[in-house]
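Q: here is my input, please return the structure:
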Amino acid sequence: MLKKVWMILLAAMLVSGLAFVSCIEEVAPVPTGFGPPPSNDVETVVFDMLTDEDIQGLSAGVITFGEDGDPSPIAPLVRAGADSHLTITAVVSSPVSLKIDTTAAGNWGAGLDLRYADFGFRAGDVITVTGEALTIASGGKMQFNNTPGSENAVGNVIDEEGEFEMTVTLTAGQVAQIQNANPAALRIEVGRGGSGNSVRIDNINVTGMRPADMITLATPTIAKTETGISWGAIAGASGYRIFDGDDVLDNVGAAAVSYNMYVNQDPGEYSLSIIALGVANVSHNSAKSNVIEFEVEDLGPVEIDITIDGSATTAEIKAAQAEVTVITDGYEVDILNGYGNGYAQFKVDFGADTLSDFEKVTFTFQGISGDAGWKSIFFAASATELSGYQSGLNGALSLGNQAYDNDGLSPIAVEITFAGTQADTLAGESELWFIVHLQSDPVEFKVTDIEFVK
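A: Have a look, this model is predicted:
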């Protein structure tokens, strides 16, 4: 009997003790050091055109832009398009405004790029553009595009003349699209649609949360491959810069984890290293990686099969920002940088003839992957070999184009007749470099059965 009573009392004490402990746990404060760390972010004006000393210091008049890769005279803003697509004029009042006039050739969306590397876009960022739409052509509009290379409008659209405010608040998904676009930028499209628009931009403001203390990116490690170097992705990098010793060879995007020296550089010996590029207002560039010694061997000319006036022959082919594979009766090309920045060119020697002796060129075109469908296929030529980045067809003259009106994976017979001013300019040339060009995102396609017909 006593044993039974003792057991009951022990049980009651245990229950009471548990209840007491539970009560203590409910009212006890959370010990210091537990839970998520406090945010280091503060609201920051990332960019305001009204207070940018370089833009406000511009002289009145049309702004001159250099070659692709040259510093932008309106940095950190970057012109999206070539001279044939738009003109940007500094309007010096108080303060300085930018007047942008686009042409019909720029109706793909010429305008201004806000590069991710310069602005470090984050979810919640608010981008506001104010000014006046002076002329909006029929079918034309002004808009933000967060995937340059294709149309993906965000924010409100300006399609009427008059004073405007265009704004967008970025989501995490939209920031990811900007990071993966080519170029990685939020584009202010002034020339989308129509035959040419004219706007005056008085201010561009970017505001969002940024770290009070910037971090330094981790140092990458590179390894040697058969064609160049590779590395592991660095978290938070906006891209990578490749060096030969202390000289900059190239810059590549955030998605890149390798670099093909045979595609991008001339034969020779190189001491390669890279840095991970930081994001403005967020992170500093990394330290330099380890060094890899690499030799690009001279493999001699690469040739493709073509036909000239019924006779089979060959033509030397070269690539820039692209990878070319020779196939039966032609070539495949993987354009690594879209909208004309990557290309393949082949050299044709007409012997005693000149371009004026030929009526047309014919070939078969077929997309393999990427944004190939519903585009125009251009056939262009240059009397001299092209080098470096191109923008559209700068440096080469278009001899004609044909619509590729299908899903981008079906073959199409292309016929380009040599007529008009461009063909007349090159009429007396017996040696020419030719480009088959698709104004598109990075894309892969093949060209076969090339024949020059008298």
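Q: quick one: distance of the helix or strand in which residue 365 is found to the chain centre.
A: Using DSSP states H and E, residue 365 sits in strand 360-370. Mean-position distance between strand 360-370 and its chain equals 24 Å (C-alpha atoms, centre = their mean, to the nearest Å).
Q: how about stretch 41-59?
A: Chain-centre distance of stretch 41-59: 24 Å, with C-alpha atoms, centre = their mean.
Q: buried stuff in that stretch?
A: Within stretch 41-59, the residues scored as buried using 16 or more other C-beta atoms under 10 Å are 44, 46, 47, 49, 52, 55, 58. The way it works is simple: take the backbone N, C-alpha and C, and place the C-beta from them, glycine included.
Q: straight-line length of that stretch, end to end?
A: Stretch 41-59 has an end-to-end distance of 37 Å (C-alpha to C-alpha, to the nearest Å).
Q: one more: stretch 183-199?
A: For stretch 183-199, the end-to-end distance is 23 Å (C-alpha to C-alpha).
Q: swap in stretch 146-153?
A: Length of stretch 146-153, first residue to last, C-alpha to C-alpha: 7 Å.
Q: run through the residues that contact the residue nearest to the spatial centre of the chain.
A: In the chain, the centroid-proximal residue (C-alpha atoms, centre = their mean) is residue 183; its distance is 1.4 Å. By C-beta atoms under 8 Å, 6 or more residues apart in numbering, the contact list for residue 183 reads 78, 113, 115, 148.
Q: look up which residues are beta-bridged to residue 312.
A: Beta-bridge partners recorded for residue 312 (DSSP bridges): residue 307.
Q: same check on residue 230?
A: Counting by DSSP bridges, residue 230 is bridged to residue 223, residue 258.
Q: contacts only, for it.
A: With contact taken as C-beta under 8 Å, 6+ apart, residue 230 is in contact with 222, 223, 257, 258, 259.
Q: over to residue 145?
A: Per C-beta under 8 Å, 6+ apart, neighbours of residue 145: 109, 151, 152, 153, 154, 186, 187, 189, 192.
Q: check which helix or strand covers the nearest residue to residue 327 once chain neighbours are set aside.
A: Leaving out its chain neighbours, the residue that sits closest to residue 327 by C-beta to C-beta, 6 or more residues apart in numbering is residue 446, at 6.6 Å. Per DSSP H and E: residue 446 is located in strand 443-453.
Q: low-confidence ranges in this protein?
A: Counting by pLDDT under 70, the chain has low-confidence residues at 1-39, 68-69, 336-341, 388-395, 440-442.
Q: go through it and flag its longest strand.
A: Looking across the chain with DSSP state E, the single longest strand is strand 198-211.
Q: helix or strand right after it?
A: Moving toward the C-terminus from strand 198-211, the next helix or strand (DSSP H and E) is strand 215-216.
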